[in-house]
Every structure is written in C-alpha cells, then in structure tokens.
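> need a structure here:
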Amino acid sequence: MAGLALVLRAALPTRRPRTDVPYPELLRSTARLVGRHPALRRRALYQATMFGAFSAFWTTVSYVLTSAPFHYNQLEVGLFALVGAGGVAAAPLAGRWADRGLNRPMTAAALLTAALAFGLAGVGRHSVVALGAAAILLDMAVQTTLILGQHVIFQLDPASRARVNSVYMATFFFGGALGSQLASTAYRAEGWPAVAVLGAALPAAGLLLWATERRERPSDAVPQSLG
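The predicted structure follows:
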C-alpha cells in the first residue's frame, strides 16, 4: 500500500477543488439531496439490502467451510473466496441492460436471484459446489444492482454526482455492516440455516420495496443547484 501510494502520487494529475463552498455546507447540501430525490433513497436502500446479504454470506461461510464435512484450512477457504470473482462478469451485462431501459425489471431479477442464492446455499450447505454456485449467483446479483443503481443516481443531479454517490455508498456500506453483525449473531444462535434465512430475507425486503416503486417522472432527473 505504501508503494502504491508513492506510485499514485507520482502518476496522478493534480486535481484541486473548483468550489469555495465550506465543507459544512457541502454536508448539508448532501442531506438535502436525500430529501430531494426519491430514486436516490430507493436505490441506496436496494443496495443496502443486497450488500447486507453479501456481507452475511462472506462473513460466515468461512465457519461452514472450516467445520464438518469440509474441514478446510485457511488457504482452501481463501481459494473458495476466489469463486466470488466470477460475479464481475455481470457488470458489462448490467451496463447493457441499463442502456436498454431494463433497469426496473433487471433490478427485480437481481433481488430475486440473491434470495434464491441463499436458498441454494441453505439446502446445499454440505456441498461445496452448491455453496460455490450460490456465491457466484449472489455476487452477480450484487454487481447488477450496483451498476443499475449508479446508472439511475448519476442522472439525478449531474452537478452533484460526487455527493449523490457518497449517499449511495454510505447507505449500502451501512447495510453491509449490519448484515455482517446480524449474520454473526444468527450463526452463533442457529448455525448456517439461520444465516441462509437472514440472507434470503434481506433481498426479499428489497424486492418488497421495489414492488411499491412508481416510475420516476422526467423532472426528477433535472439537475439541481447546490442549495
């Protein structure tokens, strides 16, 4: 990390802020963006449920793999985690779906896929193939909703994309932290089946929220001023 910092310091161009707005006002304006854009709130919450499920899986699956019937060591658990890299294959597909105007149906499909992935993980908890397939499906679903969500929020206020993105990221990382904590508690209480139920319930909650969504009017995408 230290070496990378030196390389980036030498290679990246100098960028300076182009605003003289005080930092507290930037924070207040960010909060106003949350109130102004329903699509931002929704997309952030969808991704919070997805990242919560993602964190629930990867926080606790190592406990499953290091116990019977697998008894994996640290290296083997790490190699299993590489399976999740397959999820990045969904990113270009999600971009094309968004460009084709399929944002809403594919969001629902991704939320449903994540819930079904936990069903597979719960039923196939004694099969590394089933767990691996669940990991790939879950990671693809999370990648899909991430890309689709960014496609929506970056059109809301082009002049404030950094602040819009900060709301999005902060919300879904909060969901991830909450998912990790809840999964750890569930695993201690009832084991992996409880984690599978929790993991399926989170995207299912997102899907219920999706079902109440109304299509945004064009005026919702009109750029807004800082104030």
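> tell me where this structure has strands.
Counting by DSSP state E, the chain has no strands at all.
> from the chain's centroid, how far away is the top helix by length along the chain?
Longest among the helix segments of the chain by residue count, using DSSP state H, is helix 161-190. In terms of C-alpha atoms, centre = their mean, to the nearest Å, the centre of helix 161-190 is found 9 Å from the chain centre.
> where does pLDDT dip in the chain?
215-227 (pLDDT under 70).
> quick check: closest non-adjacent residue to residue 48.
Spatial nearest neighbour of residue 48, excluding adjacent residues (C-beta to C-beta, 6 or more residues apart in numbering): residue 175 at 2.8 Å. (Glycine included, C-beta is placed from N, CA and C.)
> just confirm the one you found contacts residue 54, I think it does.
No: with contact defined as C-beta atoms under 8 Å, residue 175 does not reach residue 54; the gap is 9.1 Å.
> which residue is nearest the middle of this structure?
Nearest to the mean C-alpha position of the chain, by C-alpha atoms, centre = their mean, lies residue 51 at 3.8 Å.
> surely it and residue 178 touch.
No: under the criterion of C-beta under 8 Å, residue 51 is not in contact with residue 178, lying 9.3 Å apart.
> circling back: any idea how far the closest residue to the residue nearest to the centre of the chain other than its chain neighbours is from residue 5?
Closest residue in space to residue 51, ignoring its immediate chain neighbours: residue 176 at 4.0 Å, by C-beta to C-beta, 6+ apart. Distance, residue 176 to residue 5, by C-beta to C-beta, to the nearest Å: 25 Å.
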